[in-house]
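need coordinates for the following:
(2 chains)
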Amino acid sequence: MAADKFEAYYWDIYAIIFESGDTLALGDPAFSLSDVDTASKEQAIHAVLPFRDRSRLYAEILLAEDGEAIEERYAYIYYDAGGKRILQYDNRSHHPEIPTHPHHMRKGPIPAPGEKDRAWPTDIEFVTFEIVLKRIRERFFL
Amino acid sequence: MPTTIAIPDELVEQVKSVTGMKLDQFLIDAAHRQVRQIRARQLQAEYERTHRRLTPRQVYERTQAQIVAFELKYKLSSDQFLQDFEAGVIDEDRDDWVAFYRWRTMAYGLRRMEKEYGFTREAQARRRSP
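Purely as a prediction, here's the structure:
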């Protein structure tokens, strides 16, 4: 039963990607998305989504074990066309000081060695693939 | 006996305008979800027609191979990596910022496959050895 839910979530993501052809460069050779078998067995989704302006989103998603559409562990890292990080959402639990812990975001380029990569409270209440993609579209493509 | 109360026209108009707007959005969202579900089913059907499905064992072996590559590269077991990475003992790899997130997702995925299908890395190693 949970396997069906994982597959349903996977196909939902696939459809979201499919309907985002106005911003995503689906023919770009860098485009990648886990196959459905890996997604349903690993209960995880890996994706590299190139945009038409050559920016790029990396998505790492581990779904909740019961198959519900909850992204239990995630990282979304968005880079500009030159490979500089623009923003990152993740819920690695190493920032207990952040009010939205474990959910947090980073902004701007990856800092130089020795500099701190400051974490900020996340500006997304409930992170899902759809919402992150929508947020990027609204902020950078509209 | 029913109770009658008077509601100012102004309030009625306010409620109508808010509800109307929300109702419109609700209907648009609902229609959008419906279209997406149809599209998802079409994509799935197309995939089923054109691809051979992988067995759990095949997925496990592939994931494990990728995890072993990470372990060799970073000279760290996945269990230790997960513990250290989650706790912030180790940070992202500056040369490949995404790598540790990918490793993390796959390592949890591998654990889940071991739990679900009873696969073990030891058994896998035995299968490989002559």
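
which residues touch A:Gln43?
Shown in contact with A:Gln43 (Cβ atoms under 8 Å, 6 or more residues apart in numbering or on different chains): A:Phe6, A:Leu62, A:Leu63, A:Glu65, A:Gly67, B:Gly109, B:Arg112. Using the backbone N, CA and C atoms, a C-beta is placed for each residue, glycine as well.

of those, which is the most crowded?
A:Leu63 (27 neighbours; other Cβ atoms under 10 Å in any protein chain shown).

who's in contact with that residue?
So, once contact is read as Cβ under 8 Å, 6+ apart, A:Leu63 ends up touching A:Phe6, A:Tyr9, A:Gln43, A:Ala44, A:Ile45, A:Ala69, A:Ile70, A:Glu71, A:Glu72.

what ranges does the chain have for its helices?
In the absence of a named chain, this looks at chain A. A:2-18, A:36-42, A:129-140 (DSSP state H).

that's the wrong chain, I wanted chain B
Going by DSSP H, chain B shows helices at B:9-50, B:56-74, B:78-87, B:99-117, B:121-128.

deepest-packed of the ones you listed, please.
The highest mean neighbour count among the helices of chain B, using mean count of other Cβ atoms under 10 Å in any protein chain shown, belongs to helix B:99-117: a mean of 20.

give me the contacts around it.
Against helix B:99-117 from outside (Cβ under 8 Å, 6+ apart): A:41-44, A:46, A:58, A:60-62, A:65, A:73, A:75, A:77, A:90, A:92, B:56-57, B:59-60, B:63-64, B:66-67, B:70, B:78, B:81-82, B:85-86, B:90, B:92-93, B:119-121.

A:Pro99 touches A:Pro121, doesn't it?
Yes - between A:Pro99 and A:Pro121 a contact is recorded at 5.2 Å, counting by Cβ atoms under 8 Å.

next, count neighbours for A:Val132.
What A:Val132 shows, counting by other Cβ under 10 Å, is a neighbour count of 20.

do you know the pLDDT at the nearest residue to it once chain neighbours are set aside?
In this structure, A:Val132 finds its nearest non-sequential neighbour in A:Tyr76, 4.7 Å apart by Cβ to Cβ, 6 or more residues apart in numbering or on different chains. We have a pLDDT of 98 for A:Tyr76.

and the residue lying farthest from the centre of chain A, how far from A:Ile124?
With distances taken from the mean C-alpha point of chain A and given as Cα atoms, centre = their mean, the most distant residue is A:Gly114, at 26.4 Å. Separation of A:Gly114 from A:Ile124 (Cβ to Cβ, to the nearest Å) stands at 30 Å.

need the per-residue pLDDT for the residue most central in space within chain B.
Centroid-nearest residue in chain B, with Cα atoms, centre = their mean: B:Thr105, separated by 9.5 Å. With respect to pLDDT, B:Thr105 has a value of 96.

returning to that earlier point: what about the residue nearest to A:Val132, distance to A:Thr100?
15 Å.

of these two, who's got more company?
A:Tyr76 (26 against 16).

near chain A, which residues of chain B?
B:36-37, B:39-41, B:43-44, B:47, B:51, B:53-54, B:56, B:58-60, B:62-63, B:85-88, B:91-92, B:94, B:97-98, B:101-102, B:104-106, B:108-110, B:112-113, B:116 (Cβ under 8 Å from any Cβ of the partner chain).

ok so, going back, would you point out the most distant pair within the contacts of A:Gln43?
The most widely separated members of the contacts of A:Gln43 are A:Gly67 and B:Gly109, with 13.8 Å between them, by Cβ to Cβ.

got the residues of chain A near chain B?
Counting by Cβ under 8 Å from any Cβ, chain A sits next to chain B at A:7-8, A:11-12, A:14-16, A:18-19, A:35-38, A:41-44, A:46, A:58, A:60-62, A:65, A:73, A:75, A:77, A:85, A:90, A:92-95, A:110, A:113, A:117.
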